[in-house]
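**Q** Sequence first, predicted model second:
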Amino acid sequence: MNPPNAGKITVGIDLGTAFTGVAYTTVAVPNMPDEAEHLRRWPGPQDSVSCDKVPSVIEHALGNSWGAQVLPAMNSCDWFKLLLDENIDRGEFDEPDLNDTNQGIFNLQANESAASVTERFLRHVHRHVWQELQHNIPNIETLPVTFNVTVPAAWSTSTRQLTERIAKRAGIAQRPGDLLFTVSEPVAAAIKVFDDNVQQFAPGDVLHICDVGGGTIDVATFSVSQTGNRPVIQQVGQAMAGKCGVASVYSRFYKLMRARFSDAFTELPMSQRRMGSRLIRDFDIQTGEFRAGNPPKQIYSLELRMDLDGPCPAHYDSRQHRILLSKQDMMNLLDPILDKARGLIDSQQQSVANLCTRRKHLHVVGGGACIPYIPEGIRQHFETPGLVIKVPNNPHLVVLQGAVFYGSQESYLSVNRCLQHVGISCTRSYVETRDAQADPQVLNLRRDPFTPKYVGDGVAIWGERYHDGYCERHDFFADIMTYADTRKRSHPIYKCRNTMAPARVDGNSVVHLSSIPLDFDKIDPLQCSWAQTYGLSMYRVPYTIETRVLPRENQITFIANAFDWRLGTVELGTATVAMPAP
């Protein structure tokens with residue numbers, strides 16, 4: 001068991017299509033300052049290398065090299081993350097070229113799956129990260145650790161759950177007391193962006209996040225509820241996403257190379273043209289510096305020795321052995337990402353237009369934001385006096401930094417909101433204005449044998465639109481007849497999507513959601529109040545129901561407790577429900 005007040009360690013893992021990053025925070029850890037650290041040392045081919053992220057690649061052979069250890073000539077697997085969500089709805093924003101797998105990118109062996117490859121890769125990541133943590137935090141073996149793994153907004157619940165299972169099998173959060181959560185990438189980015197720019201926001205402002213990642217583009221919207229001592233942002237509407245990230249640029253690039261050079265390109269050894277090769281490194285440099293304002297006739301050259309069947313001076317310099325790309329070529333490769341991002345942003349803005357009461361902010365993050373052409377094109381298309389568009393420093397690290405910050409500061413920022421009312425029913429004194437039109441069977445109007453009042457059931461107690469950190473207690477009672485053959489009861493839970501929740505639970509807009517099981521067997525009847533009704537004896541057991549929000553699990557939990565003079569506080573039962581969708 002971990003000692004009380006032992007401090008908190010949070011590890012963020014940004015599992016990306018092309019690169020994976022890790023950071024951690026320490027809060028109130030004995031003999032250590034509160035700090036946030038970004039892991040930059042990774043195993044290399046011969047020694048360690050220093051880089052912001054490690055390549056998401058793993059070797060198939062017995063050597064089992066991974067990350068920066070993998071050389072282009074090795075038989076390895078890239079982009080395995082994209083294959084985890086096999087059942088994703090490939091909607092209008094999906095990139096068709098991602099289905100082109102003929103270049104050895106999705107290189108799964110016959111006896112492997114995307115899940116097994118991801119598990120092997122994460123096992124290496126976790127082993128290395130744990131060694132780094134042991135070196136930097138001497139007493140980590142006695143401290144609980146929370147792991148936050150980022151996932152695209154486009155991923156289904158089943159794929160997020162699959163990711164959690166894979167991470168567990170890889171050894172992550174396997175110790176007693178350790179926790180594992182998945183965090184949506186745009187949510188993580190929003191937390192980091194908001195924290196870095198909190199002085200620039202005011203209540204009522206709207207923050208759009210456009211995360212141009214390796215495999216997906218995610219666009220999500222957050223409203224600024226309050227600033228000051230406890231800033232609060234809340235996600236509104238549904239995030240929009242598609243499998244059309246930076247990885248699709250490489251697919252189009254390979255397709256262009258095949259079209260122009262045919263066998264001269266495709267028959268080259270994979271080590272000369274696959275991800276991680278000199279060719280792709282040169283291509284990354286050119287795209288990383290490409291801007292719309294570059295001279296129209298500028299040529300972008302990539303070194304690659306090929307034997308062409310005939311001269312091709314417009315596309316290949318045979319003396320310098322360099323592929324020649326024009327500005328139009330570069331635009332053709334990048335424009336599909338830009339067009340898809342614009343479409344997602346435009347659709348997202350339309351879906352939440354009624355929420356934009358004040359200024360709008362759009363922050364472009366992710367690896368795609370490191371390509372100047374993409375955020376410049378977004379800014380040119382959308383920027384107006386009422387919409388501020390920015391690219392944070394180191395945009396490829398924003399999701400990672402937000403994930404680890406969220407895990408260590410959940411009391412500081414809120415990003416979860418239940419967009420329906422969720423509540424419970426209770427018994428209260430009869431009020432004509434509230435209860436006169438009630439369903440008689442639900443109302444069950446009667447004289448209370450413990451008071452001179454008439455009481456009725458079905459009165460609603462609603463949460464105030466449950467949010468991150470919400471915790472509230474309400475008092476109830478149960479009347480138990482002495483002749484009853486059981487002391488078990490249940491307390492119903494309801495939901496309602498109306499803007500103004502009704503005072504009772506028997507209205508047409510109220511839906512039964514779940515029930516809290518109650519077991520009064522451990523409560524001594526002798527400590528309770530007794531009464532007679534129709535010649536029968538009954539006793540009354542007071543109890544409380546505590547409502548808590550579990551934001552990262554997207555759940556609301558209800559805990560019923562009663563006091564027994566012998567045992568103290570006794571838990572009668574619990575129930576957990578998912579936050580209802582809007």
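**A** Nice, thanks for sending it over.

**Q** which regions of the chain sit below the pLDDT cut-off?
**A** 1-6, 62-63, 86-106, 230, 355-357, 407-419, 464-471, 551-554, 581-582 (pLDDT under 70).

**Q** For residue 511, the count of nearby residues, please.
**A** Look at residue 511: counted by other Cβ atoms under 10 Å, it has 12 neighbours. Where C-beta positions appear, they are placed from N, C-alpha and C, glycine not excepted.

**Q** To clarify, my last question referred to residue 403.
**A** Residue 403: 31 surrounding residues under other Cβ under 10 Å.

**Q** three-state assignment of it?
**A** Of the three states, residue 403 takes helix under DSSP: H, G, I helix; E, B strand; the rest coil.

**Q** Just give the nearest non-adjacent residue to residue 84, would you?
**A** Closest residue in space to residue 84, ignoring its immediate chain neighbours: residue 114 at 5.1 Å, by Cβ to Cβ, 6 or more residues apart in numbering.

**Q** Doesn't residue 492 belong to a strand?
**A** Yes - the assignment for residue 492 by three-state DSSP puts it in a strand.

**Q** Enumerate every residue touching it.
**A** 424-425, 505, 512, 514-516 (Cβ atoms under 8 Å, 6 or more residues apart in numbering).

**Q** quick one: which two of those are the most distant?
**A** Across the contacts of residue 492, the longest distance by Cβ to Cβ is 14.2 Å; it joins 505 and 516.

**Q** Please say which of these two ends up with more neighbours.
**A** Higher neighbour count among residue 505 and residue 516: residue 505, with 26 against 21, using other Cβ under 10 Å.

**Q** Wait, the more buried one touches residue 491, no?
**A** No - Residue 505 is beyond contact range of residue 491, at 11.6 Å (criterion: Cβ atoms under 8 Å).

**Q** so what sits against both of these two?
**A** Joint contacts of residue 505 and residue 491 (Cβ under 8 Å, 6+ apart) are residue 425.

**Q** What is the neighbour count of residue 388?
**A** 17.

**Q** Who does the closest residue to it other than its chain neighbours form a beta bridge with?
**A** Sequence neighbours aside, residue 361 is the residue nearest to residue 388 in space, at 5.0 Å (criterion: Cβ to Cβ, 6+ apart). Note on residue 361: beta-bridge partners by DSSP bridges are residue 207, residue 388.

**Q** quick one: residue 361 from residue 289, how far?
**A** According to Cβ to Cβ, to the nearest Å, residue 361 and residue 289 sit 27 Å apart.

**Q** So which of those two has more stuff around it?
**A** Neighbours per residue (other Cβ under 10 Å) separate residue 361 from residue 289, with residue 361 holding more: 21 against 12.

**Q** Settle this for me: that one is touching residue 382, isn't it.
**A** No - under the criterion of Cβ under 8 Å, residue 361 is not in contact with residue 382, lying 11.4 Å apart.

**Q** got any residues that touch both of these two?
**A** residue 389.

**Q** ok, how many other residues are close to residue 351?
**A** A count of neighbours around residue 351, defined by other Cβ under 10 Å, yields 15.

**Q** Now do the contacts for residue 481.
**A** Contacts of residue 481 (Cβ under 8 Å, 6+ apart): 536-538.

**Q** where do the strands sit along the stretch 101-250 of the chain?
**A** Secondary structure of the stretch 101-250 of the chain by DSSP state E, counting those that start in this stretch: the strands cover 145-151, 179-184, 206-212, 217-226, 232-242.

**Q** other SSEs contacting the first one?
**A** Read that as strand 145-151. Counting contacts by 3 or more Cβ pairs under 8 Å, 6 or more residues apart in numbering; DSSP states H and E, strand 145-151 packs against strand 8-15, helix 157-169, strand 179-184, helix 185-196, helix 398-408.

**Q** among those, which is nearest residue 444?
**A** Comparing the helices and strands packed on strand 145-151 by Cβ to Cβ, helix 157-169 comes nearest, at 38.4 Å.

**Q** Name the residues that touch that closest one?
**A** Under the criterion Cβ under 8 Å, 6+ apart, residues 13, 15, 84-85, 87-88, 115, 118-119, 122, 147, 149, 151, 155, 173-174, 180-182 lie in contact with helix 157-169.

**Q** List only buried entries from these.
**A** Among the contacts of helix 157-169, the ones that count as buried by 16 or more other Cβ atoms under 10 Å are 13, 15, 84-85, 88, 115, 118-119, 122, 147, 149, 151, 155, 173, 180-182.

**Q** Each with direction, which strands does the lengthiest strand in the chain pair with?
**A** When the chain is parsed with DSSP state E, its longest strand is strand 536-550. When pairing is defined by DSSP bridges, strand 536-550 lines up against strand 471-481 (antiparallel), strand 529-533 (antiparallel), strand 555-564 (antiparallel).

**Q** most packed of these?
**A** Of all the strands paired with strand 536-550, strand 555-564 carries the top mean neighbour count, a mean of 18, counting by mean count of other Cβ atoms under 10 Å.
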